[in-house]
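A.B. asks: mind looking at a prediction? Sequence and model below.
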Amino acid sequence: MNCWKCGKKNLKESKYCNNCGAFISKDVKNNSKNNKYIKESKYIDTNKNKQLDNKENDLAKLNSVDDYIYDRKKPKSKSKSKNFLIRLVLILTLVIVFIASFYIVEIASSSNKDKLRQAEIEKEQEIEREKEMEELKALEDYQNKFDSVLNAFSEQKTLIDGSLESLGSLKLNKFGKKLNFGDSFNNFVNKVFDNSSVNKLVSQSEVIDLQMKELGNPPESFDKKYKNMQKLQSLEKRIKDEFYPEVNKDTEENVVALLDEYKVILFSLKEN
């Protein structure tokens with residue numbers, strides 16, 4: 001039996017429609033009326049369905065239009081996304097360039113500082129080298145002067161030896177000591193004594209005095225040598241004073257004693 005309301009088939013003994021719950025009458029007349037009502041309802045429902053279908057079609061068309069509009073808007077959205085990515089990349093690039101520029105400037109500044117410091121070090125080293133060269137030149141000049149004075153003392157020794165030889169050849173001083181003739185004998189000795197070597201000895205002594213003044217304030221490395229040379233000069237003066245202005249009976253003995261010490265100091269200076 002069909003439901004008078006929804007038209008769905010139901011069991012004969014069913015009182016209510018299993019689909020819509022409407023009461024189903026077992027009276028044929030009522031059912032015929034109901035069938036007529038069903039047909040009319042179906043017609044109405046059919047029209048309603050058609051209207052719904054039309055509405056659904058219209059909605060589909062609208063949706064398709066919306067989709068079309070949406071699809072047209074999509075490229076713009078993609079374009080915006082693409083522009084955003086481009087801007088982001090540009091910003092990141094600028095940040096990287098800025099940071100890189102900062103570090104490049106720092107590195108360049110550090111490099112310039114290193115170069116300036118290196119230049120200062122090289123300048124200091126150059127000044128130090130010039131100072132060392134000046135010191136070496138000063139030492140070399142002093143060494144030359146020192147050697148010149150040392151040669152003068154060597155020549156002085158030769159003159160002392162010559163004067164002693166002249167005095168010894170007379171043998172009058174020893175003879176005078178034995179006879180104890182006194183000053184008169186000394187005067188005689190001075191008259192016969194060849195004092196040419198003594199004159200040279202005196203002249204050379206004056207030159208040595210001037211040279212020793214030039215050696216004043218010696219460098220530290222020459223300090224000990226200079227002191228020994230001062231001792232040598234003191235001995236040279238004492239020997240000169242034994243011969244000049246005149247000799248006596250004790251001259252030869254005194255000069256020999258002083259000359260031995262003179263030779264020792266002179267030899268040590270030449271060796272060092």
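C.D. replies: Yep, it's here. Numbering: from 1, shown residues only.
A.B. asks: can you give me the helices for the stretch 51-200 of the chain?
C.D. replies: Assigned by DSSP state H, counting those that start in this stretch, the helices in the stretch 51-200 of the chain fall at 172-179, 183-192, 196-214.
A.B. asks: list the buried residues in the last one.
C.D. replies: Of the residues in helix 196-214, those buried by neighbour count under the rule 16 or more other Cβ atoms under 10 Å are 197, 198, 200, 201, 202, 204, 205, 208, 211, 212. (Glycine included, C-beta is placed from N, CA and C.)
A.B. asks: where are the low-confidence patches of the stretch 51-200 of the chain?
C.D. replies: Counting by pLDDT under 70, the ranges of the stretch 51-200 of the chain that qualify are 51-79, 168-195.
A.B. asks: one more time with 50
C.D. replies: 65, 68-73, 173, 179, 188, 192 (pLDDT under 50).
A.B. asks: that older thread, quick one: which of the buried residues of helix 196-214 is nearest residue 115?
C.D. replies: Closest approach to residue 115 among those (Cβ to Cβ): residue 211, at 51.1 Å.
A.B. asks: what is the burial count for the closest residue in space to the closest one that isn't next to it in sequence?
C.D. replies: Spatially, and ignoring its direct neighbours in sequence, residue 211 is nearest to residue 149 (4.4 Å; Cβ to Cβ, 6 or more residues apart in numbering). Neighbourhood size, residue 149 [other Cβ atoms under 10 Å]: 21.
A.B. asks: what do you get for residue 232?
C.D. replies: Residue 232 has 25 nearby residues by other Cβ under 10 Å.
A.B. asks: in stretch 117-132, what counts as buried?
C.D. replies: So, applying 16+ other Cβ under 10 Å, stretch 117-132 has no buried residues.
A.B. asks: do the same with stretch 103-119
C.D. replies: Buried residues in stretch 103-119 (16+ other Cβ under 10 Å): none.
A.B. asks: ok, now stretch 8-24?
C.D. replies: Buried-residue list, stretch 8-24, by 16+ other Cβ under 10 Å: 10, 17, 24.
A.B. asks: out of those, who's nearest residue 231?
C.D. replies: residue 17 (154.5 Å).
A.B. asks: tell me how far the residue nearest to that closest one when sequence neighbours are not counted lies from residue 14.
C.D. replies: Of all residues not flanking residue 17 in the chain, residue 3 sits nearest, at 3.9 Å (Cβ to Cβ, 6+ apart). Here the criterion is Cβ to Cβ, to the nearest Å. By it, residue 3 lies 9 Å from residue 14.
A.B. asks: what do the two both touch?
C.D. replies: Listed contacts common to residue 3 and residue 14 are residue 24; contacts here mean Cβ atoms under 8 Å, 6 or more residues apart in numbering.
A.B. asks: quick one, what contacts the residue nearest to residue 211?
C.D. replies: Residue 149 makes contact with 208, 211, 212, 215, 229, according to Cβ under 8 Å, 6+ apart.
A.B. asks: how many neighbours does the residue nearest to residue 17 have?
C.D. replies: Neighbours of residue 3 (other Cβ under 10 Å): 21.
A.B. asks: my guess is it contacts residue 20. True?
C.D. replies: Yes. Using Cβ atoms under 8 Å, residue 3 is in contact with residue 20, at 6.4 Å.
A.B. asks: pull stretch 261-272 out as CSV, backbone CA atoms only.
C.D. replies: Provided in CSV are the C-alpha atoms of stretch 261-272 (Å, rounded to 0.1, in the frame of the first residue of the first chain):
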residue,chain,number,x,y,z
GLU,A,261,156.4,49.0,33.2
TYR,A,262,155.8,51.1,30.1
LYS,A,263,156.4,48.2,27.8
VAL,A,264,154.0,45.9,29.7
ILE,A,265,151.1,48.3,29.5
LEU,A,266,151.9,49.1,25.8
PHE,A,267,151.9,45.4,24.9
SER,A,268,148.6,44.8,26.7
LEU,A,269,146.9,47.6,24.8
LYS,A,270,148.1,46.3,21.5
GLU,A,271,146.9,42.8,22.3
ASN,A,272,143.5,43.9,23.3
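A.B. asks: I am finished for the moment; much appreciated.
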